[in-house]
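Chemist: Mind folding the following:
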Amino acid sequence: MSALSVRGLTVTYDGTPAVLGADLDVDDGRVLAVLGPSGCGKSTLLRAIAGLEPATGRVGWHDTDVSTVPTHRRGFALMFQDGQLFPQLSVARNVGYPLRIRRTTRAATAARVAELLDLVGLSGLADRLPTTLSGGERQRVALARALAAAPRLLLLDEPLSALDAGLRQRLAEDLRRILVEAGTTALMVTHDHEEAFAVADDLAVMRAGRIVQSGPIAEVWRAPVDPDTALFLGYARVIHGRAADGIADAAGLPDGSAVALRRSALSVADDGPLAGEIVDVRTTPGQLRLVVRTELGELDAVASLDRRLAPGDGVRLRADGTRMATLPGRSDARERALD
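Modeler: Numbering: from 1, shown residues only. Alright, predicted model coming up:
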């Protein structure tokens, strides 16, 4: 049985649905990321699960319906993207705040605060004020505070989006470690693919207020439900028809109505089965990115930096089936994702 079970959750504003019939499950000790673009309704969904937004449908915890239970009695903790720390309180007092309002003894509070600061790697900063900390350190304090009262579910609203890219990647790895070590069941909403892949066990893709696909991350990645989902997940191109059949055959995959390709799904190889002519070459720190005109149409491909390639050169391409997915449906979506 799932720890958190959401069925048919719907939130409307002035008759316009922001979340429509959402179904979600989160198992004990696992982290689910709801991934979607800005404005798709994912933060509204999170707030509805917390009880902060009026909604219809069912929010269940194990075998209990908590849909009508007030927010402060659900046993859920919510961490926002800006941390919302008290600037006048020290790190230790910020972390201990949820315990003090529950009238936890001073000794027990001090012990729990010390335990959490060690968990988030801030043991030496207990007496500092939040204004003296870096952005990453402030988010660690906010996380420690959210964990202080041992919530049965932690809700994370874009927890790393305010940080720069490099720090966001490092802190995502730390967030994963902290949640696993604490044994925390968590639901995170984010628009960042790398953040979702780094932190979560399971993934739900949200678009226009609806959950369009969910499951373990590897399964969702390997089998996007439609072209729009594939492009949003980071596949570079979706091809259809004869071209899709030709790519699938070259990669040894079953035919589908469409094939989603990662940018590195095709690579230059002297013995590759596909022949073509280079249309464009761009150099990146890790590889050459090519556009190649083939009998199947223009396709993306990559090559190692030691190859000297230019537009007009003939090349052969090898197809890697682990970097593509056959899709069951078709879409009118644009076939190429923006860089």
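
Chemist: C-alpha from now on. contacts and neighbour counts both.
Modeler: Fine.

Chemist: got the residue ranges for the strands in the stretch 101-250 of the chain?
Modeler: 153-157, 186-190, 202-207, 210-216, 237-240 (DSSP state E, counting those that start in this stretch).

Chemist: okay, the angle between the longest one and strand 202-207?
Modeler: When you say that, I think you mean strand 210-216. Interaxial angle of strand 210-216 relative to strand 202-207 (axes from the mean of the first three to the mean of the last three Cα atoms, to 10 degrees): 160 degrees.

Chemist: so where do the helices sit in the stretch 101-250 of the chain?
Modeler: With DSSP state H, counting those that start in this stretch as the criterion, the stretch 101-250 of the chain has helices at 106-119, 135-147, 165-182, 193-199, 217-222, 227-233, 241-251.

Chemist: Kindly compare burial across those helices and name the winner.
Modeler: Highest mean neighbour count among the helices of the stretch 101-250 of the chain (mean count of other Cα atoms under 10 Å): helix 135-147, with a mean of 24.

Chemist: May I see the helices of the stretch 101-250 of the chain arranged in a markdown table, with mean pLDDT and distance to Pro328 as well?
Modeler: A markdown table is the format used below for the helices of the stretch 101-250 of the chain (pLDDT from 0 to 100; distance: least, Cα to Cα, whole Å):
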| stretch | mean pLDDT | distance to Pro328 |
| --- | --- | --- |
| helix 106-119 | 94 | 44 |
| helix 135-147 | 90 | 40 |
| helix 165-182 | 85 | 32 |
| helix 193-199 | 91 | 22 |
| helix 217-222 | 92 | 12 |
| helix 227-233 | 93 | 9 |
| helix 241-251 | 88 | 12 |
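
Chemist: Of these, which is nearest Met79?
Modeler: Among those, the nearest to Met79 by Cα to Cα is helix 135-147 (6.3 Å).

Chemist: looking just at contacts, which helices and strands does that closest one meet?
Modeler: strand 76-79, helix 91-101, helix 106-119 (3 or more Cα pairs under 8 Å, 6 or more residues apart in numbering; DSSP states H and E).

Chemist: and the shortest one, which strands flank it?
Modeler: Using DSSP bridges, strand 76-79 pairs in its sheet with strand 153-157 (parallel).

Chemist: What lies in contact with the strand it pairs with?
Modeler: Residues outside strand 153-157 that contact it (Cα atoms under 8 Å, 6 or more residues apart in numbering) are 43, 46, 50, 75-81, 146-147, 184-190.

Chemist: out of the residues you listed, which are buried?
Modeler: By neighbour count, with 16 or more other Cα atoms under 10 Å, the contacts of strand 153-157 hold 43, 46, 50, 76-81, 146-147, 184-190 as buried.

Chemist: Just the mean pLDDT for stretch 38-45, thanks.
Modeler: The predicted model assigns stretch 38-45 a mean pLDDT of 95.

Chemist: first to last residue in it, what's the distance?
Modeler: Distance between the two ends of stretch 38-45: 13 Å, counting by Cα to Cα, to the nearest Å.

Chemist: buried set for it?
Modeler: Neighbour-count burial for stretch 38-45, counted by 16+ other Cα under 10 Å, picks out Cys40, Gly41, Lys42, Ser43, Thr44, Leu45.

Chemist: A strand includes the fifth one, no?
Modeler: No: if the criterion is DSSP: H, G, I helix; E, B strand; the rest coil, then Thr44 is helix and not within a strand.

Chemist: That one reaches Pro17, doesn't it?
Modeler: No: taking contacts as Cα atoms under 8 Å, Thr44 lies outside contact range of Pro17: 10.6 Å.
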